[in-house]
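>>> Sequence below, structure please.
(chains A and B)
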Amino acid sequence: MTVLGTRLRDAVREHRFAVTAELSPPRGADPEAIRAGARALHDWVDAANVTDNQGAMVRLSSLAGCVLALDEDVEPVMQLQCRDRNRLALQSDLLGAGALGIPNVLLLTGDHQRFGDHPDARGVFDLDSVQLLWTARTMRDHGTLLSGKPLKTRPSWLIGGVENPFAPPLAFRAERLGKKVAAGAEFVQTQYVFDVARFAEWMRASRELGLTARCAILAGVGPIPSLRALERMQQIPGIVIAPAVEKRLRGVPADRVLAESITICVEIITELRAIPDLAGVHVMAFGAERLVPEIAERAGLGRRAHAKVNERVG
Amino acid sequence: MPKTPGISLPFALLLQPLLRPNRLWYRLAVWLEATPWAYRLFTAVERRVKGGLFGCRMCAQCTLPSTAYACPMSCPKELRNGPCGGVGANGDCEVYPGIRCVWLVAYERAAGAGRAADLRRLQRPIDQRRWGQSSWVNYWQHRDDGLWSADTSFAAAPPIDRPFDSAQGRR
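Numbers count the residues shown, from 1 in each chain, chains lettered A, B, ... in the order given. Predicted coordinates for the structure are as follows:
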């Protein structure tokens, strides 16, 4: 039985194949949208990432979304990015997450504001992702802020980051993971994997640097619901969709694209599970959380055995 | 905007020892800070030289010796610890298509000179109060000590708060 608050941590420590998924907050103040997504994921994930103004588009805040997820007995991973906050705001949100019992944080630089719905905004970028990971670990393990000032109560979150094994310079991507691990990342989730051979190569390089023993790597996967979504994803910096995948999606009737992409996603998860030291998968379904159970079930990932809500620890 | 440096890494490394902190440079730095007109002139020259060669924006805490002399402050996200995940498959910056990612340039220069391990160092956050100051004057007075970690083995890093104190330092 897994207990809310330690599900992801336990899965990673006990080398169970972990499953996380993305939970996208709505553009609006409706709590039901995020609750419904959380309920769809509940039986199938160890934890759910609540995204933080993903794609530089304004959404309900990650912190609020995490509280709603907790309320639905889904363990949240609070995403926090450096584009929208300076070092004071980042640290205070991290402390807030600690106080509200949010057990996992995922720290990243963030997409450039140019790609979002407020391209006229000022990007902050006071810290970068490595510095934010380093700050969080210093707060938790040394009990001090970036300023050196002591914290009265230390937070206890599991600290995560992201990596993209598919963006140049490819030879540096395992080393960049190394910097994040040295800074404090205990788990990372990757960009969408459509090229399993390249991903395995990056895993091998990371293993040779001794990183897979220190940091749980979860491979990013997900369906492509339509050809329009395919074209949109091809425009997103950092996502590389293998030509073979595109060919398969374009080779079926329009009403079969989603089903075909789920089949591809399941095949990729199956191939990924053969890679040594892979700790799990992270399913990104862009607001279509309802697709996650089918993918998890067909990929043989199994339901999660969660303890009942009244057994939860804070 | 990402800037490919105007001088090669071997040439930059050849010049590097000339600018290393020593007693002479230290005394010059102290004099410059005590002499406003000279500081302004010196800073203008530094801006001109480093701006042209490296796209320097005068953050005043120069990391060039640890990044193969490609300036990370020319990255639109001012990333000091390596490239973001949005670098195009062709090596272009995601924000400025047609311009090469400065971190890709840094990696290729470093790897070409057998110094790729330089990029493994962890870079601490900059002091945002220093924009517009002379980085050389700060460097010669050891205000940049501890700006990046010495370790290149990915061992767990020491705490991030800077282990030093100085006249215009962090604490």
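>>> Excluding residues flanking it in the chain, which one is nearest A:S24?
A:G287 (4.4 Å; Cβ to Cβ, 6 or more residues apart in numbering or on different chains). The way it works is simple: take the backbone N, C-alpha and C, and place the C-beta from them, glycine included.
>>> cool, A:L209 as well?
A:L209 sits nearest to A:G178 (Cβ to Cβ, 6+ apart), 5.3 Å away.
>>> tally of neighbours for the residue nearest to A:S24?
Neighbours of A:G287 under the rule other Cβ atoms under 10 Å in any protein chain shown: 17.
>>> sorry, back to before: give me the secondary structure label for the residue nearest to A:L209.
helix (DSSP: H, G, I helix; E, B strand; the rest coil).
>>> what about it, neighbour count?
So A:G178, with other Cβ under 10 Å, has 24 neighbours.
>>> so how far is A:G143 from the residue nearest the centre of chain B?
Nearest to the mean C-alpha position of chain B, by Cα atoms, centre = their mean, lies B:T63 at 2.1 Å. Note on B:T63: its distance to A:G143, by Cβ to Cβ, to the nearest Å, is 28 Å.
>>> what's the answer for B:R121, then?
25 Å.
>>> Looking at those two now, which is surrounded by more residues?
B:R121 (20 against 15).
>>> and the closest residue to that one other than its chain neighbours, how many neighbours does it have?
In space, and not counting its chain neighbours, B:R121 is closest to B:W148: 4.4 Å by Cβ to Cβ, 6+ apart. Residues lying near B:W148 (other Cβ under 10 Å) number 19.
>>> Surely B:W148 and B:R120 touch.
No: here B:W148 does not reach B:R120: they are 9.9 Å apart, not a contact under Cβ atoms under 8 Å.
>>> so what's the residue nearest to the centre of chain B scoring on pLDDT?
Predicted confidence (pLDDT) for B:T63: 97.
>>> I'd like the distance between it and chain A.
12 Å (Cβ to the nearest Cβ, to the nearest Å).
>>> show me what contacts that residue?
B:71-72, B:80, B:123, B:147-148 (Cβ atoms under 8 Å, 6 or more residues apart in numbering or on different chains).
>>> Work out the gap between the helix or strand bottoming out on mean pLDDT in chain A and the centre of the chain.
Lowest by mean pLDDT, DSSP states H and E among the helices and strands of chain A is helix A:227-235, with a mean of 93. In terms of Cα atoms, centre = their mean, to the nearest Å, the centre of helix A:227-235 is set 20 Å apart from its chain centre.
>>> Next: stretch A:140-152.
Worked out by Cα atoms, centre = their mean, stretch A:140-152 lies 26 Å from the chain centre.
>>> Let me know whether that stretch sits next to chain B.
Yes: for stretch A:140-152 and chain B, the contact criterion (Cβ under 8 Å from any Cβ of the partner chain) is met by A:142, A:144-148.
>>> coming back round to it: would you mind writing the CA trace of the least confident helix or strand of chain A as CSV?
Taking C-alpha atoms only, helix A:227-235 is exported to CSV below (Å, rounded to 0.1, in the frame of the first residue of the first chain):
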residue,chain,number,x,y,z
LEU,A,227,-2.9,15.8,-36.8
ARG,A,228,-3.4,19.4,-35.7
ALA,A,229,-1.8,18.5,-32.4
LEU,A,230,1.0,16.8,-34.2
GLU,A,231,1.7,20.0,-36.2
ARG,A,232,1.4,22.1,-33.0
MET,A,233,3.9,19.8,-31.2
GLN,A,234,6.3,20.0,-34.1
GLN,A,235,6.4,23.8,-33.5
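>>> What is whichever helix or strand comes after it packed up against?
Downstream of helix A:227-235, the first helix or strand assigned by DSSP states H and E is helix A:243-250. Counting contacts by 3 or more Cβ pairs under 8 Å, 6 or more residues apart in numbering or on different chains; DSSP states H and E, helix A:243-250 packs against helix A:227-235, helix A:257-272.
>>> Contacts for the longest one next, please.
Helix A:257-272 is contacted by residues A:193-194, A:196, A:199, A:219, A:221-227, A:230, A:245, A:248-249, A:252, A:278, A:281, A:283, A:291, A:294-295, A:298-301 when judged by Cβ under 8 Å, 6+ apart.
>>> just the helices in chain B please.
In chain B, the segments counted as helices under DSSP state H are B:9-19, B:23-34, B:36-54, B:102-112, B:135-140.
>>> closest to A:L170 out of those helices?
Closest to A:L170 of the helices of chain B is helix B:102-112 (Cβ to Cβ; 9.8 Å).
>>> Contacts for that closest one, please.
A:168-169, A:171-172, B:2-5, B:8-9, B:55, B:67-72, B:74-75, B:79, B:82-83, B:87, B:91, B:93, B:116, B:118-119.
>>> hang on, the earlier thing: kindly reformat the helices of chain B as TSV containing mean neighbour count, mean pLDDT and distance to A:S156.
Converted to TSV, the helices of chain B look like this (neighbours: other Cβ atoms under 10 Å in any protein chain shown; pLDDT from 0 to 100; distance: least, Cβ to Cβ, whole Å):
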stretch	mean neighbour count	mean pLDDT	distance to A:S156
helix B:9-19	12	95	44
helix B:23-34	14	98	45
helix B:36-54	14	97	42
helix B:102-112	23	98	33
helix B:135-140	22	97	38
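>>> With distance to A:N53 as added columns, please give those helices in TSV.
Shown next, in TSV, are the helices of chain B (distance: least, Cβ to Cβ, whole Å):
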stretch	distance to A:N53
helix B:9-19	38
helix B:23-34	42
helix B:36-54	32
helix B:102-112	24
helix B:135-140	33
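>>> Nearest to A:A97 among these would be which one?
helix B:102-112 (29.6 Å).
>>> Hey, what's the angle from the closest one to helix B:9-19? Just curious.
90 degrees (axes from the mean of the first three to the mean of the last three Cα atoms, to 10 degrees).
>>> Would you map the strands across chain A?
Secondary structure of chain A (DSSP state E): strands located at A:18-23, A:47-50, A:76-81, A:104-108, A:158-163, A:187-192, A:216-221, A:280-283.
>>> any idea how far the first one is from the chain center?
When you say that, I think you mean strand A:18-23. Counting by Cα atoms, centre = their mean, strand A:18-23 comes out at 7 Å from the chain centroid.
>>> before we move on, what about the fifth one?
The gap between where strand A:158-163 is centred and where its chain is centred comes out at 8 Å by Cα atoms, centre = their mean.
>>> Is chain B within reach of that strand?
Yes: applying Cβ under 8 Å from any Cβ, one finds strand A:158-163 touching chain B at A:162-163.
>>> contacting residues around that strand?
A:8-9, A:12, A:77, A:103-108, A:129, A:133, A:136-137, A:140, A:173, A:176-177, A:180, A:184-191, B:85.
>>> Just checking: what are the partner strands of that strand?
strand A:104-108 (parallel), strand A:187-192 (parallel) (DSSP bridges).
>>> Mind putting those into CSV with mean pLDDT and mean neighbour count?
Formatted as CSV, the strands paired with strand A:158-163 follow (pLDDT from 0 to 100; neighbours: other Cβ atoms under 10 Å in any protein chain shown):
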stretch, mean pLDDT, mean neighbour count
strand A:104-108, 98, 28
strand A:187-192, 98, 24
